[in-house]
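> the following comprises the amino acid sequence and a computationally predicted model.
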Amino acid sequence: MNFPLPALVVMGVAGCGKSHIGAAIAALSGGRLIEGDAFHPAANIEKMSAGIPLDDDDRAGWLISLGKELSATIKAGERPILTCSALKLRYRETLRAAVPELGFVFLELSPEEATRRVTARPGHFMPASLIESQFATLEPPYGEHLTLTLDATERPAELANQVDAWLISNGAVTLSQSA
């Protein structure tokens with residue numbers, strides 16, 4: 001496997017397209033998509049569903065679980081592509097502690113576009129009323145090691161191609177060749 005990173009995290013605020021882009025990257029790379037939202041404990045989902053933002057304590061156990069899942073997936077010989085908001089540097093550091101040399105793809109989006117997308121998204125526990133708190137918590141990963149920032153308003157296929165080019169510049173063969 002010539003994929004230069006052990007795993008990727010597709011990160012950003014609610015509505016930025018983490019699941020769509022993560023799925024596109026996983027399909028190109030032969031990786032295993034891990035939906036971070038699936039690892040939230042029931043208490044977190046209830047809190048968010050009620051329009052109450054999560055705090056650092058709410059996210060701590062969730063992030064540890066995600067780190068364990070990343071490690072287990074790598075040990076099983078798979079390439080994990082995790083979708084996770086990873087809004088703060090300390091959250092990303094928790095994931096990096098579990099998987100050194102972890103790559104991050106930050107899907108950047110305006111508060112207005114995030115609100116529009118979340119409002120239009122049916123059946124998700126995250127209400128649009130929490131978008132403001134997501135941006136208040138966000139510490140963009142500008143300049144962080146092994147982090148690519150992309151415009152989340154671009155088409156998923158184009159974003160996946162940009163990730164592919166970034167990985168090549170970090171020593172990988174193309175995503176489709178590395179599977």
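Cool, got the structure.

> using the three-state scheme, assign residue 34.
Following DSSP: H, G, I helix; E, B strand; the rest coil, we place residue 34 in the strand state.

> quick one, what contacts it?
The contact partners of residue 34, by CB atoms under 8 Å, 6 or more residues apart in numbering, come to 66, 69-70, 73, 80-83. From N, CA and C alone the C-beta is placed, and that goes for glycine too.

> change it to 7 Å
69, 73, 80-82 (CB atoms under 7 Å, 6 or more residues apart in numbering).

> again, but for residue 147
Contacts of residue 147 by CB under 7 Å, 6+ apart are 104, 106, 141.

> of the contacts of residue 34, which belong to helices?
Members of the contacts of residue 34 lying in helices (criterion: DSSP state H): 69, 73.

> could the contacts of residue 34 go into a markdown table alongside distance to residue 45, pLDDT and neighbour count?
Shown next, in a markdown table, are the contacts of residue 34 (distance: CB to CB, whole Å; pLDDT from 0 to 100; neighbours: other CB atoms under 10 Å):
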| residue | distance to residue 45 | pLDDT | neighbour count |
| --- | --- | --- | --- |
| 69 | 17 | 98 | 19 |
| 73 | 23 | 96 | 20 |
| 80 | 22 | 96 | 24 |
| 81 | 22 | 96 | 28 |
| 82 | 18 | 98 | 29 |
